[in-house]
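Chemist: Quick one, structure for this:
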Amino acid sequence: MFETIFTWRRTIARHERGPMAEERRRYLRHLKERGLSRESLHRYAVYALCVVRWLKLTPDRRVSLDEVDAAAERWTHRRRPWNLHAKGLRAGRKLFRMVARDWLRFLNLLIPPTPWSNPYAPLAGRGKRPLRRHSLTVTAP
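Modeler: Alright, predicted model coming up:
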């Protein structure tokens, strides 16, 4: 799969030797079947390799959204000369999060967030009578 996305042998070898290579191949094949372009597959492949390294993923390690967000922050603020522009920082962080979440969902390794519960739900309806609906009748003259 990597040889259809990348052209340089070193890049292909880096992706083939990288962690969780088979899982990344399956994910990229899935994206290709969904109709993503070669350029998009290239972007997803690069970010998936970053995700697996920055999250220190293994095939049996589940990850929370908080961990993904923390890794995206760390990855965004690494020292790279092309990351000096603030707009590039935001776009890179957003893409890192997007690829990480999508790939982890695909692998079923993303820990779903706890459902939100309304802290005021137990207080609802205490001591209050329901509002009465008043209907206005209009009579024609």
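Chemist: Can you say which helix or strand has the residue sitting nearest the centre point of the chain in it?
Modeler: Closest to where the C-alpha atoms of the chain average out (CA atoms, centre = their mean) is Arg101, at 2.6 Å. Arg101 is located in helix 86-107, with elements delineated by DSSP states H and E.
Chemist: now do Cys50
Modeler: helix 38-54.
Chemist: Could you list the paired strands of the helix or strand just after that helix along with their orientation?
Modeler: Where DSSP H and E defines the elements, the next helix or strand beyond helix 38-54 is strand 63-64. Neighbouring strands of strand 63-64 in its sheet, by DSSP bridges, are strand 110-111 (parallel).
Chemist: And the contacts of the strand it pairs with?
Modeler: 62-65, 68, 101, 104 (CB atoms under 8 Å, 6 or more residues apart in numbering). C-beta: built from backbone N, CA, C; applies to glycine.
Chemist: buried subset of those residues?
Modeler: 63, 68, 101, 104 (16 or more other CB atoms under 10 Å).
Chemist: Next, format the residues you listed as TSV and append distance to Leu41 and pLDDT.
Modeler: Output for the buried ones among the contacts of strand 110-111, formatted as TSV (distance: CB to CB, whole Å; pLDDT from 0 to 100):
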residue	distance to Leu41	pLDDT
Val63	23	89
Val68	21	89
Arg101	18	90
Leu104	18	90
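Chemist: Could you identify the most distant pair in these?
Modeler: For the buried ones among the contacts of strand 110-111, the farthest-apart pair by CB to CB is Val63 and Arg101; their separation is 9.5 Å.
Chemist: Count the residues that sit near Met98.
Modeler: When neighbours are defined as other CB atoms under 10 Å, Met98 has 14 of them.
Chemist: Please tell me how far it sits from Phe6.
Modeler: 21 Å (CB to CB, to the nearest Å).
Chemist: before we move on, what about Arg53?
Modeler: Distance from Arg53 to Phe6, by CB to CB: 17 Å.
Chemist: do the same with Ala100
Modeler: Taken as CB to CB, the span from Ala100 to Phe6 is 21 Å.
Chemist: Could you check how far the residue nearest to the centre of the chain is from Glu73?
Modeler: For Arg101, the distance to Glu73 equals 15 Å [CB to CB].
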